[in-house]
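**Q** got a predicted structure here, sequence first:
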Amino acid sequence: MKTGLNRVLGFILAVVMVLGGVAAAESGTDFEYVLLDDGTAMITGYNGSGQELVFPETLDGHTVTGLGSNFGVGTTAIKNIRSITVPDTMTTIEPGALRFAEYLEEIRTGGDHPVFSFTDGVLYNKQKQSLALYLQGNRAEHFDVPEGIREIEDLAFLRAKLVSVRLPGSVERIGRECFYQCAFLAEASLSEGLRSIDADAFTNCDKLRTIVIPASVTDIAESVFTDAHLKEIRVAEGNPVFTISDGALINIRDGVLIAFPHYSGAESCVIPEGVTRIGNLAFYACHHLKQVTFPDGLLEIGHGAFLMCNHLEAIDLPDSVIRLEDSAFMRNSDVKYLRLPAGLTEIVSNFEDMSITGLEIPESVRVIDRSFYSLPNLTEVVIPDSVSTISHDSFAYCKNLAVITIPASVTEIGCRFAGCSDSLVIRTEKGSYAEQYCRDNGMNWEYIPE
């Protein structure tokens, strides 16, 4: 019999999962689950204890067919599990479902399980000819992926203790976050035949210094090597899509700079003509980098592209740039010169903690949101007539900012200028929104001189 609490939890989960396209949700004795559209159950949580976990074939009369990716969220019980038993009915284990099972050493399946097989600490999906999961409790330092495997699934080697891994020529795809947080991985041998590498596949691989992209690879996602401590990226001769230019990995087909090895020690990078986008986290934490030359024709700079490049001295963006994604330039404390492109319309979550003394905002900008935070050397700013919105801590902690001019075009001010000097003066026009803002918030203000 379900307790009142279980009924309440079941109702809440039901609402959430119905909105997400799933039929209903319930709670079993030690398991939480959702009902799928076909009436079968997917296990989403566990409230039991012990080192051996046996998944049931049914829960409250519903056949258990899957294990959800959020299994283990919010409980520490999963961490201590050493073995699990998967019933023949469970034909789906979503990527990341066992990410909290840090000491898992064994997965038991029936001898003729329709989908999965388990050998030497590795779970394979027979139908897809794929490697589904390399268990975190596996202590081997080297692993050769078997011939015939065509896909390494998402999060398959998450936090594995491996020092080296070799992929055969049969592998065509390396999934999302496949080797994520493999802190000991020093060598990853990729073979010809590989076609695609998904996002964050080698993120946080602290020991990985060099990687060679085979000639057969035609797709590499952005943020694939974030914080991988790479000193060098190489591309095999004959690759039709990727090349290396001044150390950076470039997709010449799509005009995207994918990654720069942030442990290379390089102090400069010249981005070649033809690059129209700098990918997400491409230069993340390149602490040695002091100078970057941007090409004319560059259109976009992705999320976190230069995040934590704390020795970058100048940012001189060409007028062709029309989009800066959030945190493209953040925590660049040594930047003393900033030139913004003439066609930029929004500045969102950018340009925090810089040493610039002057700031010229282009006439094209309409929105300033969560930007220009903590610029200690900035003393005066003029907001152009094109801007309508200034919000979310923009210009906060600019402790030496003495004067900021805000025109009548600004009809929304969502920031409080926290951390700025009490003597900060806002210059504005008579009858403007900014004047009323100053009156309402006790700010110093004066009219713009005619």
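**A** Here it is on my side, so go on. Numbering: from 1, shown residues only.

**Q** give me the number of neighbouring residues for residue 201.
**A** Neighbours of residue 201 under the rule other Cβ atoms under 10 Å: 29. For glycine as for every other residue, the C-beta is placed from the backbone atoms N, C-alpha and C.

**Q** ugh, wrong one, residue 49
**A** Considering only other Cβ under 10 Å, residue 49 is surrounded by 12 other residues.

**Q** need the contact list for the residue nearest to it when sequence neighbours are not counted.
**A** Here the nearest residue to residue 49 in space, its sequence neighbours aside, is residue 77; by Cβ to Cβ, 6 or more residues apart in numbering that works out to 5.7 Å. Each residue near residue 77 by Cβ atoms under 8 Å, 6 or more residues apart in numbering is listed here: 46, 47, 48, 49.

**Q** likewise for residue 357?
**A** The neighbours of residue 357, taking Cβ under 8 Å, 6+ apart as the test, are 336, 377, 378, 379.

**Q** go again with 7 Å.
**A** The neighbourhood of residue 357, defined by Cβ atoms under 7 Å, 6 or more residues apart in numbering, consists of 377, 378.

**Q** roughly how far apart are it and residue 279?
**A** When distance is defined by Cβ to Cβ, to the nearest Å, residue 357 is 31 Å away from residue 279.

**Q** helices of this protein, residue ranges please.
**A** In the chain, helices defined by DSSP state H lie at 4-19, 433-441, listed in chain order.

**Q** which regions of the chain sit below the pLDDT cut-off?
**A** Counting by pLDDT under 70, the chain shows low-confidence ranges at 1-28.

**Q** which one of the contacts of residue 77 is nearest residue 195?
**A** Of all the contacts of residue 77, the one sitting nearest residue 195 is residue 46; the distance, using Cβ to Cβ, is 36.7 Å.

**Q** quick check: that closest one touching residue 33?
**A** No. Assessed by Cβ atoms under 7 Å, residue 46 is found out of contact with residue 33, at 10.1 Å.

**Q** looking at those two, which is more packed in?
**A** Neighbour tally, residue 46 and residue 33, criterion other Cβ under 10 Å: the higher count belongs to residue 33, 28 against 21.

**Q** what's the closest non-adjacent residue to the more buried one?
**A** Counting by Cβ to Cβ, 6+ apart, the residue nearest residue 33 is residue 41, at 4.4 Å.

**Q** equivalent analysis for residue 44, please.
**A** With Cβ to Cβ, 6+ apart as the criterion, residue 44 has its nearest non-adjacent residue at 4.3 Å, and that residue is residue 68.

**Q** and that neighbour, what is it in contact with?
**A** 42, 43, 44, 94, 97.

**Q** what sits against the residue lying closest to residue 209 once chain neighbours are set aside?
**A** Here the nearest residue to residue 209 in space, its sequence neighbours aside, is residue 231; by Cβ to Cβ, 6+ apart that works out to 4.7 Å. Contacts were defined as Cβ under 7 Å, 6+ apart; by that measure residue 231 touches 209, 210, 261, 263, 264.

**Q** if you rank these by neighbours, which is first?
**A** For the contacts of residue 231, neighbours were counted by other Cβ under 10 Å; the highest total belongs to residue 261, with 23 neighbours.

**Q** how many residues are close by the nearest residue to that one once chain neighbours are set aside?
**A** In space, and not counting its chain neighbours, residue 261 is closest to residue 230: 3.9 Å by Cβ to Cβ, 6+ apart. By other Cβ under 10 Å, the residues close to residue 230 number 21.

**Q** the residue nearest to residue 33: neighbour count?
**A** A count of nearby residues for residue 41, using other Cβ under 10 Å, gives 28.

**Q** what do you get for the one 3 residues further on?
**A** Other residues near residue 44 number 24, with proximity taken as other Cβ under 10 Å.

**Q** what's the answer for residue 391, then?
**A** 15.

**Q** quick one: it and residue 367, what's the gap?
**A** Per Cβ to Cβ, residue 391 is found 8 Å from residue 367.

**Q** same check, this time on residue 175
**A** Remark: distance between residue 175 and residue 367 (Cβ to Cβ) = 37 Å.

**Q** please apply the same query to residue 258.
**A** Between residue 258 and residue 367 the distance is 29 Å, computed by Cβ to Cβ.
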